[in-house]
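In: sequence-free structure coming up:
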């Protein structure tokens with residue numbers, strides 16, 4: 001696993017946060033965090049899936065994509081989890097199926113909050129604005145809620161190097 005703090009220049013990180021927290025960015029409700037039956041919800045925005053662009057906001061991602069330099073994209077989405085009264089850890093999951101090899105996941109933290117990404121063996125990565133983590137797509141992990149901000153926003157990139 002690779003963890004990179006201050007991934008983008010401050011001005012670009014501030015711009016990304018401003019766009020995702022503006023009243024004009026379209027968020028869509030999704031029932032379930034990992035699967036519909038988990039009775040949680042989040043808001044997301046799908047940028048890229050099934051080999052096609054799904055958003056007119058893709059230009060916002062360009063500074064991150066320029067650094068990641070993927071050879072092929074699988075999926076890109078933004079997740080917004082609203083504040084809760086307590087930190088809730090969602091279900092462990094892997095972003096890609098076990099038979100898919102060499103796929104990477106990059107999570108970019110849009111805002112700082114007391115939520116985190118949890119990995120097996122209780123490794124926690126704090127949600128800190130402008131941090132990026134990269135790990136194998138078959139690695140199980142879980143998201144959380146936060147209690148100290150209105151929401152927790154991350155960008156999730158599934159790609160091949």
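Out: Nice, thanks for sending it over. The shown structure was predicted, so the numbers you read here are calculated from the model rather than taken from an experiment.
In: How about residues contacting the helix or strand that contains residue 107?
Out: Assigned by DSSP states H and E, residue 107 belongs to strand 103-109. Contact partners of strand 103-109, identified using Cβ atoms under 8 Å, 6 or more residues apart in numbering, comprise 7, 16, 64, 68, 70, 74, 95-96, 117, 125, 127-139, 141, 153-161. All C-beta spots, glycine's among them, are computed from the backbone N, C-alpha and C.
In: out of those residues, which are buried?
Out: For these, a burial check counting by 16 or more other Cβ atoms under 10 Å picks out 7, 16, 64, 68, 74, 95-96, 117, 125, 127, 129-135, 137-139, 141, 153-159.
In: I'd like the distance between the residue located most distally from the centre of the chain and residue 42.
Out: Distance from the C-alpha centroid of the chain peaks at residue 99, with 22.3 Å (Cα atoms, centre = their mean). Distance, residue 99 to residue 42, using Cβ to Cβ, to the nearest Å: 27 Å.
In: Note down every partner strand of the helix or strand of the chain with the lowest mean pLDDT and its orientation.
Out: When each helix and strand of the chain is scored by mean pLDDT, DSSP states H and E, strand 52-53 comes last, with a mean of 86. Paired neighbours of strand 52-53 in the sheet (DSSP bridges): strand 41-49 (antiparallel).
In: May I see the buried residues of the partner strand?
Out: Within strand 41-49, the residues scored as buried using 16+ other Cβ under 10 Å are 42-45, 47-48.
In: quick one: the longest helix along the chain to chain centroid distance?
Out: Secondary structure of the chain read by DSSP state H shows that its longest helix is helix 10-20. In terms of Cα atoms, centre = their mean, to the nearest Å, the centre of helix 10-20 is found 15 Å from the chain centre.
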